[in-house]
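[1] Give me coordinates for this.
(one chain, ligands or ions: 1)
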Amino acid sequence: MDSAGQRAFPGGRTTRVRPLVILGSGGLGRQIIGLAQDVEQQASTYKLLGFLDDGVDEPDVWGVPVLGGDHQLAELDARYVIGVGLPTARRRLADLAASYGREPATLVHSAAWIGLHTSVGAGSLIFETAHVVAGAQVGRHVMMEVNTFAGHDSRIGDHVLLAGGASVGARAVIGDDVMLGIGCIVLGDVVVGDRAVVGAGAVVTKDVPADSVVVGIPAKETRLRRGRITA
Ligand SMILES: CC(=O)SCCNC(=O)CCNC(=O)[C@H](O)C(C)(C)COP(=O)(O)OP(=O)(O)OC[C@H]1O[C@@H](n2cnc3c(N)ncnc32)[C@H](O)[C@@H]1OP(=O)(O)O
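    All right, here's what the predicted structure looks like:
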């Protein structure tokens, strides 16, 4: 990379390398380090600067500098990605970043599968072994962890978390701010309403109302006993 932040490729082609920060340095935030490094090596579009995290006093996390709290994003000329899992927190951080005029980065691992006629919204994170199958539309600030699957012609809303192994069947529609727990399956053509939570291991066979919580096989509505979701 030269001093202007450009990287030269054989044949004289250059690309702008943009600084990147991760909002949140917890488990999901740390998971993004490897994703960012893969994108850096494959595409040379981003260079990871560090984390922003209000709750950390350490100078670094896993060797990646902690540059300050979330508000520091206002001062940094950097793209950002969201490193927290809960959809409501993902929405809050996206709104904060937008209020600072910052643009998100979209990171797709070189070992993810992105099919034909698909789209992946700004700020979304597609980890290794995730599959976005032909015709699927993935919204903004979605996190598709390892072994997740968006079936053909499915629609995934904004700020959705697909935890490891979660699968969405063909033509299914997942609303905004939905959490799909580890290893759950949403069958084809099913609609999951905004802000719903699908518990780990659930198999969703019929439509899920907005703001509801479903668990089990077949998935049935329940309520949160602890009043909160742990990501
Ligand atoms: C990288 C990452 O890891 S991202 C993190 C992704 N996180 C997940 O996938 C976790 C998803 N969360 C869950 O599945 C949660 O257990 C929830 C949200 C469905 C339920 O939360 P809570 O109501 O707080 O659960 P709590 O632990 O209090 O359990 C309440 C009851 O539901 C049962 N229960 C909890 N989760 C499930 C589940 N996924 N399937 C079936 N039953 C469940 C419990 O056994 C308990 O039953 P009991 O009263 O008979 O003992």
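
[2] what residue is smack in the middle of this protein?
    Residue closest to the average C-alpha location in the chain (Cα atoms, centre = their mean): M143, at 2.1 Å.

[3] dump the residue contacts of that one.
    L28, I82, G85, R90, S124, L125, F127, V160, L161, L162 (Cβ atoms under 8 Å, 6 or more residues apart in numbering). Every residue, glycine included, has its C-beta placed from N, CA and C.

[4] Now stretch 96-107: buried residues?
    L96, A97, R102, P104, A105, T106, L107 (16 or more other Cβ atoms under 10 Å).

[5] Which members of the contacts of M143 are the farthest-apart pair?
    R90 and F127 (15.2 Å; Cβ to Cβ).

[6] By neighbour count, which of the contacts of M143 wins?
    Per-residue neighbour counts (other Cβ atoms under 10 Å) across the contacts of M143 peak at L162, which has 31 neighbours.

[7] beta partners for that one?
    Partner residues in beta bridges with L162: M144, L180, with DSSP bridges as the criterion.

[8] Would you mind writing the CA trace of stretch 17-36 as CSV?
    Once non-C-alpha atoms are left out, stretch 17-36 reads as follows in CSV (Å, rounded to 0.1, in the frame of the first residue of the first chain):
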residue,chain,number,x,y,z
VAL,A,17,-7.8,0.7,0.8
ARG,A,18,-10.3,2.0,3.4
PRO,A,19,-9.8,1.9,7.2
LEU,A,20,-12.3,-0.3,9.0
VAL,A,21,-13.5,-0.4,12.6
ILE,A,22,-15.6,-3.0,14.4
LEU,A,23,-18.2,-1.7,16.8
GLY,A,24,-18.1,-4.1,19.8
SER,A,25,-15.2,-6.4,20.9
GLY,A,26,-17.2,-9.2,22.5
GLY,A,27,-17.4,-12.7,21.1
LEU,A,28,-19.1,-11.7,17.8
GLY,A,29,-16.8,-8.7,17.4
ARG,A,30,-13.7,-10.9,17.8
GLN,A,31,-15.1,-13.3,15.3
ILE,A,32,-15.0,-10.5,12.7
ILE,A,33,-11.2,-10.2,13.0
GLY,A,34,-10.7,-13.3,10.8
LEU,A,35,-13.4,-12.2,8.4
ALA,A,36,-11.8,-8.8,8.0
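
[9] list the buried ones in that stretch?
    17, 19-26, 28-33, 35-36.

[10] what does stretch 109-123 give?
    When neighbours are counted by 16+ other Cβ under 10 Å, the buried residues of stretch 109-123 are found to be H109, A112, I114, T118, V120, G121, G123.
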